[in-house]
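[1] how would this look folded up:
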Amino acid sequence: MTSPTKPTVYIETYGCQMNVSDSELMYGTLAAHGYEAVSGPEGADVILVNTCAIRENAETRVIGRLGELKRHMGPKTIVGVTGCMAQRLGPRLLKTKHVSLVIGPDSYRALPALIDGARRGERFTATDFDLEEHYEDVVARRFEGVKAWIPVQRGCNYRCTYCIVPFTRGSERSRQLADVVRETHEVVAQGLTEVVLLGQTVNSYNDGTHDFADLLRAVGAVDGIRRVRYTSPHPNDFSDRVIAAMAEVPTVCEHVHLPMQSGSTSVLKRMLRRYSREDYLACVTRLRAGIPGLALTTDIIVGFPGETDAEFEDTLSLCREVLFHDAFMFKFSMREGTPAERMPVEWTVPDDVVTERFNRLVTTVRGLSRDGNLTRLGLKTEVLIEKVARDGEMFQARTRDFKTVMVPAEAGRIGDYLMVEITGTTGATFTGTPLKVERKMLPLIGSRE
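    The predicted model follows:
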């Protein structure tokens, strides 16, 4: 129940885990200034849409949603657009008449003052980069429930030709290791036992003294932490030190999301990914040799400019060779201002060809994943109950290697660790029969319906 004396704020989040973390920072910033979070836009005093710019359809969806939100506005409601799309489009978003604020990822500290100005009828764009901003003094209002997203790095220096991130997040910069460890201790005090370290190329983390291997060891050693994850790494930045830390720190989970993007060396060169097909395979080999039982997931783009049938077949064959546990697969989306926009128009792959290739890729990856999942039947493994499943009748849990397992609602509570036997699979997810429940007594911190 909300307080009648406190202004209310609703934040709707799109995009990656970094955006989820940023929404938690915004909630924390506004909570420190007397705002109260609500679970829906109806009647909220402030509505913020935290946006993604990685693909065109993500931006199109937000534009449509801004129109829908107008019907939820009261006479004094303030509407703002934040995040990567705000950074990319800036003042252009103010053409939507009921939008008063456009705020990029480095300007969330100014939110309370900007909202006050909007109440006076002013309209603001705040999209300057601040390479020193890590929001160290902001206490995030976490709403994930069982895990904490902890940004350790912002921005990116890689400049892949298809990617808008360097233009929306700026250049790479890392937090001090001691600050990350301090936040991890705070997470434990809140009752959480799993952390996810976030960065655009997270394994290139370096605070001037410590590298990512040091960070994994330091965070993994915090008393009360049981699982350490991270996303997303770059294949070029897996040093022997990082692989050794993953293998030797028992809290670091046996899962790596390793973006591939394409299995063709020539496409990777046009993407400016800075590795070849052979380099990627060598990275996979080193990871699997160092970390037995490692699960690998990936990102793949279909239809990049100039992609030929043979180059696409290289992607399919690399999927068959690596045997990914799963993949996020996307049709190429041209982003205004990226180097790919300047590629010859005749390199454009026709939509029908892209669709046919995409469907073949999905069939291939899902089939390989299903075959691998069938081999896990009968396995006994630890899971962490994360949330109520969509059907409302079971719990959704997660293994250390990032498999989704459905368990009966009576098996425990959100936040419990338990041992299960894998007894069934749909091809993508599993069902598990509980063997033992370990009570965590985890509070549902900021959980949303």
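
[2] outline the domain layout of the chain.
    Following automatic domain parsing, one finds the domains of the chain at 8-126, 144-253, 380-438.

[3] residue contacts, the residue lying closest to residue 7 once chain neighbours are set aside?
    Counting by CB to CB, 6 or more residues apart in numbering, residue 7 lies nearest to residue 45, which is 4.3 Å off, once chain neighbours are set aside. Glycine gets a C-beta too; all of them are placed from N, C-alpha and C. Taking CB atoms under 8 Å, 6 or more residues apart in numbering as the contact definition, residue 45 lies against 7, 8, 9, 35, 74, 76, 77, 78.

[4] distance to residue 427 added to the residues you listed, as TSV?
    Below are these laid out as TSV (distance: CB to CB, whole Å):
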residue	distance to residue 427
7	47
8	42
9	40
35	44
74	46
76	50
77	44
78	46
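
[5] most widely separated two among these?
    35 and 74 (15.5 Å; CB to CB).

[6] the two - which one has more neighbours?
    Ranked by neighbour count (other CB atoms under 10 Å), residue 35 and residue 74 place residue 35 first, with 22 against 10.

[7] what about that one, distance to residue 6?
    As judged by CB to CB, to the nearest Å, residue 35 and residue 6 stand 7 Å apart.

[8] the stretch 1-150 of the chain: strands as residue ranges?
    8-13, 36-37, 46-51, 78-83, 99-103, 124-126, 147-151 (DSSP state E, counting those that start in this stretch).

[9] next, the angle from the fifth one to strand 78-83.
    Interaxial angle, strand 99-103 versus strand 78-83 (axes from the mean of the first three to the mean of the last three CA atoms, to 10 degrees): 30 degrees.

[10] hang on, residue 9 packs against residue 30?
    Yes - at 5.2 Å, residue 9 counts as touching residue 30 under the criterion of CB atoms under 8 Å.

[11] give me the common contacts of these two.
    Joint contacts of residue 9 and residue 30 (CB under 8 Å, 6+ apart) are 37, 46.

[12] okay, how far is it across stretch 297-313, tip to tip?
    19 Å (CA to CA, to the nearest Å).

[13] other residues contacting that stretch?
    162, 232, 255-262, 264, 266-267, 270-271, 315, 319, 322, 324-332, 340, 343-344, 347-349, 353-354, 357-358, 361, 365, 402.

[14] do the same with stretch 176-184
    Outside stretch 176-184, the residues that reach it (CB under 8 Å, 6+ apart) are 134, 136, 148, 150, 152, 195, 197, 207, 209-210, 214-215, 218-219, 222, 225.

[15] return the subset of those residues lying in helices.
    214, 215, 218, 219 (DSSP state H).

[16] could you report the pLDDT at the second one?
    We have a pLDDT of 98 for residue 215.

[17] who's in contact with it?
    Contacts of residue 215 by CB under 8 Å, 6+ apart are 152, 177, 180, 197, 205.

[18] the last one too?
    Shown in contact with residue 219 (CB under 8 Å, 6+ apart): 150, 180, 181, 184, 195, 197, 225, 228.
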